[in-house]
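Undergrad: sequence and predicted structure below; questions after.
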Amino acid sequence: MEQLSGKVGVVTGAASGIGRAVATRFAAEGMQVVLADIEPDRLEEVVDEITATGARAIGVVTDVRHEEQIEALAAATVDAFGTVHVVHNNAGVVTSGPLEDLTTADWEWVLGVDLWSVIFGVKTFLPLIKQAGEGHIVNTASTAGLQANAGIGPYNVAKFGVVALTETLALELRGIDNINASVLCPGAINTRIVDSDRNRPAELAEHVETAIEERFKQGSGAILAKGKDPAEVADLVVDGIRSNRFWLLTHEAWNDVVLERARALAADGHLHNGFGG
């Protein structure tokens, strides 16, 4: 999908991080943009920044865990702009702790935001994109969807699920002209995802604080602070849409990780982990 100017794009998790950068870049490309997020004040701030450039944009406060709210997001998009061409299912959260300590609420929260929202996004928006006659769906997974990491079980499960879902979607779209899908697998990006608890709903507040979680937040936060600028990811997303690329990896070093994982699977059957094994 080479021509983006004049098209309509929807981005979830758009009030910060990668979502904010992608929504801003879509607007710079001449797209009309619908931004969805659960944080109303930050959402309004980003919408104001985009519209101040002369672009057309609206914000829709959305709890992406709920199918009816994704459906309301789609309805608001059609009401505002008449159609939809590009959807970036990007909202994401993370919690940490050993599997034996994680609560059911931990699993429900992370899977709801990171996996179910993508399922709902595809289910709701794909028919609208087909009606438009052209378009692209980008789903944000993670390098944790390519190689699991200890201490973030729900996140790993959700992100592996997003990879599988998007691969299935891409296969089902074969033979349909002008509609494609990509899976975004970010590595270390300078975002606030380790502070996800700020948006944790009260009904899923049950959580066991552990020393492992504190170390995770400190260590991962320091790594992310030195990570790539989200604007670089937005560039990758736009390029991926234009070139109809399926795999969007932000860090080339992960190509080697994936190859090593495949070699281990085919050869010795041992579990290799990340960059060091």
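TA: It's in. None of these values were measured; they are calculated from a predicted model.

Undergrad: low-confidence regions, the protein specifically.
TA: Where the chain drops to pLDDT under 70, the residues are 208, 212, 217, 221, 271-277.

Undergrad: repeat that for 80
TA: Within the chain, the segments meeting pLDDT under 80 span 206-224, 226, 268-277.

Undergrad: CA atoms of the single longest helix found in it as CSV?
TA: In the chain, with assignment by DSSP state H, the single longest helix is helix 153-173. Coordinates of each C-alpha in helix 153-173 appear next as CSV, following Å, rounded to 0.1, in the frame of the first residue of the first chain:
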residue,chain,number,x,y,z
GLY,A,153,5.2,-15.2,31.4
PRO,A,154,1.9,-13.5,30.4
TYR,A,155,3.7,-11.0,28.2
ASN,A,156,5.6,-13.9,26.4
VAL,A,157,2.3,-15.8,25.9
ALA,A,158,0.5,-12.8,24.6
LYS,A,159,3.2,-11.8,22.2
PHE,A,160,3.8,-15.3,20.8
GLY,A,161,0.0,-15.3,20.3
VAL,A,162,0.1,-12.0,18.4
VAL,A,163,2.8,-13.4,16.1
ALA,A,164,0.7,-16.5,15.4
LEU,A,165,-2.5,-14.5,14.9
THR,A,166,-0.8,-12.1,12.4
GLU,A,167,0.9,-14.9,10.5
THR,A,168,-2.5,-16.6,10.2
LEU,A,169,-4.1,-13.3,9.1
ALA,A,170,-1.4,-12.8,6.4
LEU,A,171,-1.9,-16.3,5.1
GLU,A,172,-5.6,-15.8,4.9
LEU,A,173,-5.1,-12.5,3.0
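
Undergrad: name the helices or strands packed onto it?
TA: On a contact count with 3 or more C-beta pairs under 8 Å, 6 or more residues apart in numbering; DSSP states H and E, helix 153-173 meets helix 104-111, helix 117-132, strand 135-140, strand 179-185. (Each C-beta comes from the backbone N, C-alpha and C, glycine too.)

Undergrad: contact partners of the second one?
TA: Pointing back at helix 117-132 there. Here helix 117-132 makes contact (C-beta atoms under 8 Å, 6 or more residues apart in numbering) with 10, 12, 64-67, 70-71, 73-74, 77-78, 83-85, 87, 89, 91, 135-137, 139-140, 161-162, 165-166, 169, 176, 179.

Undergrad: any of those residues buried? List them.
TA: 10, 12, 64-65, 70, 73-74, 77, 84-85, 87, 89, 91, 135-137, 139-140, 161-162, 165-166, 169, 179 (16 or more other C-beta atoms under 10 Å).

Undergrad: how about residue 245: what's its closest non-neighbour residue?
TA: residue 182 (6.0 Å; C-beta to C-beta, 6 or more residues apart in numbering).

Undergrad: residues in contact with stretch 76-90?
TA: 1, 4, 7-14, 18-19, 22, 26, 31-32, 34, 56, 58, 60, 74, 117-118, 121-122, 125, 128-129, 131-132, 134-140, 184, 237, 241.

Undergrad: may I see the PyMOL selection of the buried members of the residues you listed?
TA: Selecting the buried subset of the contacts of stretch 76-90 in PyMOL, with 16+ other C-beta under 10 Å as the burial test, is done by:
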select buried, resi 1+4+7+8+9+10+11+12+13+14+18+19+22+26+31+32+34+58+60+74+117+118+121+122+125+128+129+132+134+135+136+137+138+139+140+184+237+241
